[in-house]
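Colleague: how would this look folded up:
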Amino acid sequence: MDLDKVIRKVPDFPAKGILFYDITSVIGDPKAFSYCIDKMVELYGSKKIDAVAGVESRGFIFAAPFAEKMGIPLILVRKAGKLPGTTLKAAYNLEYGKAEVEVHVSDVPKGGNVLLIDDLLATGGTLEASTRLLTEGGARVENIFGVIGLPFLGYKEKLKGIDVTTLINYDSE
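Modeller: Purely as a prediction, here's the structure:
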């Protein structure tokens, strides 16, 4: 499947000069969405994965059906303040300011291998913070998956030592 034909490109969003790659067109196309989930099963089906972690919010959409197909737990990596109970938090830098992600402590498999999933990989800040908090909770993150990769924004440098796979890459804006 040619995902490039399905991914909606929105110029000047959210600001002038930015080309936004809109994953909702993939989610809204049953064949494209199934293709993505099937590719994830193909890529990771034979690996020892104890849980899958989806990054809020579009990462949830890809992580949930994969977790169900694999028969493994789903961990939600949420924005700070969204989870009740005891959580682990990790901060990361944004263009202007900071943000935090969190997970429930009880959801992280101690000694387990977690596949981390997001829809689009850009600077890698959220995924690097997510990896830190899962590691702090006692898990290992050896693999990260994204449907779309924007390697020109530097995610590979932030995620060194982790096997990162994307289904399609765009090399410039």
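
Colleague: pLDDT on the helix or strand containing Val141, on average?
Modeller: Using DSSP states H and E, Val141 maps to strand 140-149. Average pLDDT, strand 140-149: 98.

Colleague: Sheet-wise, list the partners of that strand with their directions.
Modeller: Take DSSP bridges as the rule and strand 140-149 pairs in its sheet with strand 113-121 (parallel), strand 163-169 (parallel).

Colleague: now the helices: where do they sit in the chain?
Modeller: 3-6, 24-27, 30-44, 58-70, 125-136, 155-158 (DSSP state H).

Colleague: Report the contact partners of the residue nearest the centre of the chain.
Modeller: In the chain, the C-alpha nearest the mean C-alpha coordinate belongs to Asp118, at 1.6 Å (Cα atoms, centre = their mean). Asp118 sits next to 54-55, 58-59, 126-127, 144-146 when contact means Cβ atoms under 8 Å, 6 or more residues apart in numbering. Every residue, glycine included, has its C-beta placed from N, CA and C.

Colleague: Quick one: these as JSON lines, columns for neighbour count too.
Modeller: Shown next, in JSON lines, are the contacts of Asp118 (neighbours: other Cβ atoms under 10 Å):
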{"residue": "Gly54", "neighbour count": "25"}
{"residue": "Val55", "neighbour count": "26"}
{"residue": "Arg58", "neighbour count": "19"}
{"residue": "Gly59", "neighbour count": "26"}
{"residue": "Thr126", "neighbour count": "24"}
{"residue": "Leu127", "neighbour count": "28"}
{"residue": "Ile144", "neighbour count": "25"}
{"residue": "Phe145", "neighbour count": "25"}
{"residue": "Gly146", "neighbour count": "26"}
